[in-house]
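Undergrad: Coordinates for the following, if possible.
(2 chains)
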Amino acid sequence: MSAARMQVLSSRNVRLLSRGRNEVLAGRSGAQRPGGDPRTRSLTCPPMSSSSSPGRALSSLSATRRGLPKEKMSENGIMSRAKVLTIDTMNPTVKKVEYAVRGPIVQRAVELERELSEGMKKPFAEVIKANIGDAHAMGQQPITFFRQVLALCSYPELLSDSTFPEDAKSRACRILQSCGGNSMGAYSASQGIDSVRQDVARYIERRDGGVACDPDNIYLTTGASDGIVTMLKLLVCGEGTTRTGVMIPIPQYPLYSAALAELGAVQVDYFLNEEKCWSLDITELQRAVNEARQYCNPRALCIINPGNPTGQVQSRQCIEDVIRFAAKERLFLMADEVYQDNVYAEGCQFHSFKKVLFEMGPEYAETVELASFHSTSKCYMGECGFRGGYMEIINMDDEVKDQLTKLLSVRLCPPVPGQALMDLVVNPPQPGEPSYGSFIKERTATLSALAEKAKLTEQVLNTVQGISCNPVQGAMYSFPRITIPEKAVKEATEKGQQPDMFYCMKMLEETGICLVPGSGFGQKDGTYHFRMTILPPTDKLKILLNKVKEFHQRFTQQYS
Amino acid sequence: MSSNVLVSYWVHEPRHLYDQAASKVLSQPLVVPSGTHENDPQVRVLVQACAQQSQQQGVRKPYKEVIDVFQGDLHGAGMKPLTFVRQVLAACVYPPLINSNNLPLDVRQRAQEELGRCVGGSVGSYSAVAGIPEIVHSISEFIKRRDGGIPSHPENIYISPGSQWSISNILNVLVNREASPRTGVLIPVPCYNITVLSITQLGAVTVPYYLSEEQGWALQVEELQRALESAKGVCNPVALYVINPGNPAGYVQSQKSVQEVIRFAWEKRLFLLADELYQDCVYGENCEFVSYKRTLSEMGPPFSGTVELASFHSVSKGFLGECGLRAGYVELVNLDPAVMKHIHTLFSKDTCAPVLGQIALDLMSNPPKPGDPSYPLYKQEIEHIRAVLVHNVKRVHEVINSLPGFSCPPIEGGLFAFPRLNLTPKAIQKAKELGLQPDTFYCTRLLEEGGVFTGPGWEYGQKEGTYHIRFCIAAPQDVMEELLRRLSSFHMTFMKDFS
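TA: From the prediction side, this is the model:
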């Protein structure tokens, strides 16, 4: 990586790659897997030439050693040799990867859970993980119909079980018929099962008011992140000032910064406007791209709508402006639309980039390259564990498509149960079918509870002095701004911590609530935030919000 | 271009060219100039398209259905899933089944136990980065049992969406795409083609070492030595990739051979990547699977404490054959703790492996025991699969070696036959005229005329001037017999046509 780009990275990356957080991580996690059990390291053969490795994974094995005669080993005049893979020899771009949603604070939360289970005394009875958008972990119930079909697909002998509804059975048969050997255990094509891709295409057409969708443009993925990373891999190239730049919102979902760091791409930040409900400002996009053109080659623009972590829902007008901008600046559009069903605020509505693009006429519809991502993990189903997802790719060069197929083939295929689930999501029970009633009831219950919790979160947080929270228009998170007293900032800096990391870590230790500091997502210099999911059940969420409130007041008092 | 990554894979350079003049942001990537479409690694797609086309033309075929033995896919080839595994998965997916009398008691208890390990009691939640902790633990116990009591530390195990995902992640840490000279990885020839793709996609150079076909595809240290020498001035080899039992060549390494490889890796400072997916698939009479991990630790110091090893396994092969669930794991040995931290972050970016796949890994690591209600059926199914595989291996060997121009060493392990094909000059000439690799030409004809879908040897690498085909041997016996019948009859005609 060129020196010029290093500079670019360090100055533009809102400290995501900064020294402070690295040190925090290093200090926290000790030797082996961060947050894991401390390893027994009964070192019998001390390393001689490796400076960075205090331990040997197989050290305890020497006791059980047998087989080879000893002479043979001394015969070679063997001396210890250095490791092949050290911090100095490893892929340098991997070193820059950070992933806040699963970062040190979450590792500490896991430790605390263990300590609690071991009977250690804490000022709280349980750890509440409000750090990750994991609905089922927070007690949300799966959609019965989906699970019935998947159970039938897993163990087809159940098709003769009369307790399963007929529509679940016919759906299961249809899915199994499109699996090799009629089993979810067979590989599918790398791009995904044909019939599922066809169903996805029809879903998109319905969603977008009839705008055509070609199943050949649909790629099933291992969760949306797989699709996002794969597309970024295709986009990144060049050296020095021709190195690919990718525009991402700040705050962003850290998958983007992590993937860009790993690929050695240039992260080009554009700031969302917190004062205007985290809206996207075209002049800010323009500023960002103009500046970026001086040190890299911006080729892609990532949009998260509804926003993560910011919860804004983009207006149709805004999307049109973004598309025009992308066309003018020749940027590949990546639309992360995994929260498309999670829209709560009145007057807000989800508009897909695809639909708006096609409504803007052939000038745009036939030229602007767009990849749109969706998944089974969010919305009303919240099935993260299945790792289902798809992407739709529009206007992509045919030869690049060949390359994409090749990239995807390394994964062999997306998990088949996840593909089956995706099929059910895009093709749920229809009116008149036995499961329709319960499906609608369950979906509505989940979505209206989320809407209620979105409102509740905003309301309660805004009653706290020093916390201000934009309306949670959509998605699953609030991202309130917090005031951190000077004294606390100073103490954090002395510890080599970001002030909001310091704040969140303290909150975790005192209340058992696990949030992610805003610095993990990026934020304007001098501002501090945290991300909290709105997923806990309402009564639990109320308790949680109150605890946050009390903690903030205590913290403010302590450091004022 | 398409991609002839696999034809000339040791020089492939996966860079992308941004063409200012082009109208697309993403335009044609720059790779080694290739010839023609049939060099595409997606032979599958092409060959299938080809088959479809001929069907559309209404050409009468001497077969009703294509036998697809292109991939190592047990279920795809018609083998049945294990009842116990599928019952537990069904009950985990739809927990009311736990209270149903339709399922055996141990299945219901097991499902209950698995759900208790899932956050929120649902297979729909994310797991910890490395996998569900209890399952990671159960894998480490499985490894310990397998390796005769040698300890395995759960902290060193990561579950991923299939073993290939783990291989990519570990390679990603090893390969510095900006290094000069480039990072090199020693790979066997023939080699599983997807791993080659992973290596080249990361910007590394593959350094081939040839297995000795004459000696039943044995791995010879002198050849490793030669390969390493050949890399001088070309790249900087940091890792040695081994597949044991082999894919596509069906060898099983002796423990002595494994020791030699470890010693070589130690001497030459190479990181060992041991692909041990087919560890349950061993058929040779005097063959036994001995893991790299076990051998390494039994060799004692200085090897046991030094040689860095990543060993891969998955639920896709063996008796489960659950390719579609996408779950595998890597066990890391002797890694620098500072590097482990970054590996953790890499895996955390992938969020987690599919939870159903993780549960299948647990069922593989900890199957029903004698006395459990499900044990008799489980045992019967396992024995049936084993018997089918052993029978198929024998039959394939017999039939192939009875055909003129075909030869195949005994298949000691793995799931593939990789027989050598002595093509006549006329057949080679015809292939050239069509712009096809000779063995692709053979496979295409075999598909079209014989209705058997196999892979051409060049996709996996082979000595120049030799030709092979690869096919999966894990099909039900009647399917295998039909396959061999079709293959024999096609082959005789083909050889006659091009004599």
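Undergrad: now the helices for the stretch 351-499 of chain B?
TA: Assignment of helices within the stretch 351-499 of chain B using DSSP state H, counting those that start in this stretch yields the ranges B:355-365, B:375-402, B:425-434, B:438-445, B:477-497.
Undergrad: Identify whichever of those lies nearest to chain A.
TA: Nearest to chain A among the helices of the stretch 351-499 of chain B is helix B:355-365; the distance by C-beta to the nearest C-beta comes to 3.5 Å. Bear in mind the C-beta positions are built from the backbone N, C-alpha and C, glycine included.
Undergrad: From the chain's centroid, how far away is stretch A:308-321?
TA: Taking C-alpha atoms, centre = their mean, to the nearest Å, the mean C-alpha location of stretch A:308-321 is offset from the chain mean by 18 Å.
Undergrad: Point out the most buried one among the helices of the stretch 351-499 of chain B.
TA: Per residue and on average, the most neighbours among the helices of the stretch 351-499 of chain B fall to helix B:355-365, with a mean of 28 (mean count of other C-beta atoms under 10 Å in any protein chain shown).
Undergrad: got the angle for that helix vs helix B:375-402?
TA: Angle of helix B:355-365 versus helix B:375-402, following axes from the mean of the first three to the mean of the last three C-alpha atoms, to 10 degrees, is 90 degrees.
Undergrad: elements contacting helix B:355-365?
TA: Counting contacts by 3 or more C-beta pairs under 8 Å, 6 or more residues apart in numbering or on different chains; DSSP states H and E, helix B:355-365 packs against helix B:83-93, helix B:105-117, helix B:133-146, strand B:157-160.
Undergrad: So for chain A, which of those sits nearest?
TA: Across the helices and strands packed on helix B:355-365, chain A has its closest neighbour in helix B:83-93 (3.7 Å, C-beta to the nearest C-beta).
Undergrad: Does anything pack onto that closest one? Which helices or strands?
TA: Secondary elements touching helix B:83-93 (3+ C-beta pairs under 8 Å, 6+ apart): helix A:144-154, helix B:105-117, helix B:355-365, helix B:375-402.
Undergrad: Residues contacting it, please?
TA: Helix B:83-93 has contacts (C-beta atoms under 8 Å, 6 or more residues apart in numbering or on different chains) with A:147, A:150-152, A:154-155, A:158, A:417, B:97-98, B:103-104, B:107-108, B:110-111, B:114-115, B:118, B:123, B:320, B:322, B:356, B:359-360, B:363-364, B:367-368, B:374, B:377-378, B:381.
Undergrad: Any figure for the gap between residue A:193 and residue A:337?
TA: 22 Å (C-beta to C-beta, to the nearest Å).
Undergrad: that older thread, so can I have a markdown table of the helices of the stretch 351-499 of chain B showing distance to residue B:414 and mean pLDDT?
TA: A markdown table is the format used below for those (distance: least, C-beta to C-beta, whole Å; pLDDT from 0 to 100):
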| stretch | distance to residue B:414 | mean pLDDT |
| --- | --- | --- |
| helix B:355-365 | 18 | 97 |
| helix B:375-402 | 9 | 96 |
| helix B:425-434 | 28 | 94 |
| helix B:438-445 | 19 | 94 |
| helix B:477-497 | 15 | 95 |
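Undergrad: Residue B:306 against residue B:333, yeah?
TA: No: using C-beta atoms under 8 Å, residue B:306 is not in contact with residue B:333; the gap is 10.0 Å.
Undergrad: which residue packs closest to residue B:316, ignoring adjacent ones?
TA: In space, and not counting its chain neighbours, residue B:316 is closest to residue B:323: 4.1 Å by C-beta to C-beta, 6 or more residues apart in numbering or on different chains.
Undergrad: My guess is that neighbour contacts residue B:75. True?
TA: Yes: look at residue B:323 against residue B:75 with C-beta under 8 Å: they come within range, at 7.1 Å.
Undergrad: which one of those two has more residues nearby?
TA: Shown here are residue B:323 and residue B:75; by other C-beta atoms under 10 Å in any protein chain shown, residue B:323 has more neighbours (28 against 25).
Undergrad: so who does that one touch?
TA: Counting by C-beta under 8 Å, 6+ apart, residue B:323 touches A:185-187, A:412-413, B:71-76, B:316-317.
Undergrad: If we use 7 Å, what do you get?
TA: Contact analysis of residue B:323 by C-beta atoms under 7 Å, 6 or more residues apart in numbering or on different chains lists A:185, A:186, A:187, B:73, B:316.
Undergrad: how about the fourth one, secondary structure?
TA: By that I understand residue B:73. Under DSSP: H, G, I helix; E, B strand; the rest coil, the three-state class of residue B:73 is coil.
Undergrad: same thing with the last one?
TA: Put simply, residue B:316 is coil when judged by three-state DSSP.
Undergrad: That one against residue B:324, yeah?
TA: No: judged on C-beta atoms under 7 Å, residue B:316 makes no contact with residue B:324 at a distance of 8.4 Å.
Undergrad: what about the two, which has more around it?
TA: More crowded of residue B:316 and residue B:324, by other C-beta under 10 Å: residue B:324, with 34 against 30.
Undergrad: Isn't that one up against residue A:181?
TA: No: at 9.7 Å, residue B:324 does not count as touching residue A:181 under the criterion of C-beta under 7 Å.
Undergrad: show me the contacts for the nearest residue to residue B:310 once chain neighbours are set aside.
TA: Among residues not flanking residue B:310 along the chain, residue B:170 sits closest, at 4.9 Å (C-beta to C-beta, 6+ apart). The neighbours of residue B:170, taking C-beta under 7 Å, 6+ apart as the test, are B:273, B:310, B:330.
Undergrad: Any stretches of chain A with poor pLDDT?
TA: A:1-80, A:100-101 (pLDDT under 70).
Undergrad: Please name the residues that touch residue B:133.
TA: Contact criterion C-beta under 7 Å, 6+ apart gives no residues in contact with residue B:133.
Undergrad: any idea how far it is from residue A:303?
TA: As judged by C-beta to C-beta, residue B:133 and residue A:303 stand 36 Å apart.
Undergrad: which bits of the stretch 201-350 of chain B sit near chain A?
TA: The stretch 201-350 of chain B comes close to chain A at residues B:201, B:238, B:266, B:269-271, B:296-302, B:304-306, B:308, B:321-326, B:333-342, B:344-346, B:348-349, as judged by C-beta under 7 Å from any C-beta of the partner chain.
Undergrad: biggest helix in chain A by residues?
TA: Counting by DSSP state H, the longest helix found in chain A is helix A:436-462.
Undergrad: what secondary structure does the closest residue in space to residue A:506 that isn't next to it in sequence sit in?
TA: Sequence neighbours aside, residue A:555 is the residue nearest to residue A:506 in space, at 6.6 Å (criterion: C-beta to C-beta, 6+ apart). Under three-state DSSP, the three-state class of residue A:555 is helix.
Undergrad: can you tell me how far the residue nearest to residue B:316 sits from residue B:73?
TA: Distance from residue B:323 to residue B:73, by C-beta to C-beta: 5 Å.
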